[in-house]
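Enquirer: Have a look at this fold, sequence not included:
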């Protein structure tokens, strides 16, 4: 399971950042805070984090490797390694302005 996570999730991100430039680069990382602003401008509202998800995530990572961590910032769940944010997750719903369209 650990090998699959490292190869499929983290490995692609590392390869993209370290080895690819120009047209070969698949993604251009943006911070979760930039994503937050962009998504709000598009007319969405963030939903609160489920505390159960946070506690289950922490339990899984604790048994996985001591350098991985889960934290939160506002309504974002942050997955980190050695103090560096690797991924950020959030859930959104359309604002009432979009729902009325």
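Expert: Sure thing, it's come through. Just so it is clear, the structure is predicted and the values come from calculations on it, not from any experiment. Numbers count the residues shown, from 1 in each chain.

Enquirer: Identify the bridge partners of residue 76.
Expert: Beta bridges link residue 76 to residue 73 when assigned by DSSP bridges.

Enquirer: What's the first helix or strand after the worst-scoring helix or strand of the chain on mean pLDDT?
Expert: Least confident element among the helices and strands of the chain, by mean pLDDT, DSSP states H and E: helix 12-19 (a mean of 63). Sequence-wise, the next helix or strand downstream of helix 12-19 (DSSP states H and E) is helix 32-41.

Enquirer: Could you tell me the average pLDDT over that following helix, please?
Expert: For helix 32-41, mean pLDDT is 94.

Enquirer: Could you list the residues in contact with it?
Expert: Contacting residues not belonging to helix 32-41 are listed as 30, 46, 73-74, 76, 78, 85, 88, 90, 92 [CB atoms under 8 Å, 6 or more residues apart in numbering]. Any C-beta I mention is one placed from the backbone N, CA and C, and that applies to glycine too.

Enquirer: Taking those residues together, which two end up most distant?
Expert: 85 and 92 (18.9 Å; CB to CB).

Enquirer: Based on its surroundings, how many neighbours for residue 70?
Expert: 19 (other CB atoms under 10 Å).

Enquirer: Then the one 5 residues further on?
Expert: Residues lying near residue 75 (other CB under 10 Å) number 15.

Enquirer: so what's it up against?
Expert: By CB under 8 Å, 6+ apart, the contact set of residue 75 is 46-49, 90-91.

Enquirer: Let's see which of those end up in strands.
Expert: Among the contacts of residue 75, the members falling in strands (DSSP state E) are residue 46.

Enquirer: ok, the contacts of residue 75 vs residue 56, which is closest?
Expert: Residue 56 lies nearest to residue 49 out of these, by CB to CB, at 12.0 Å.
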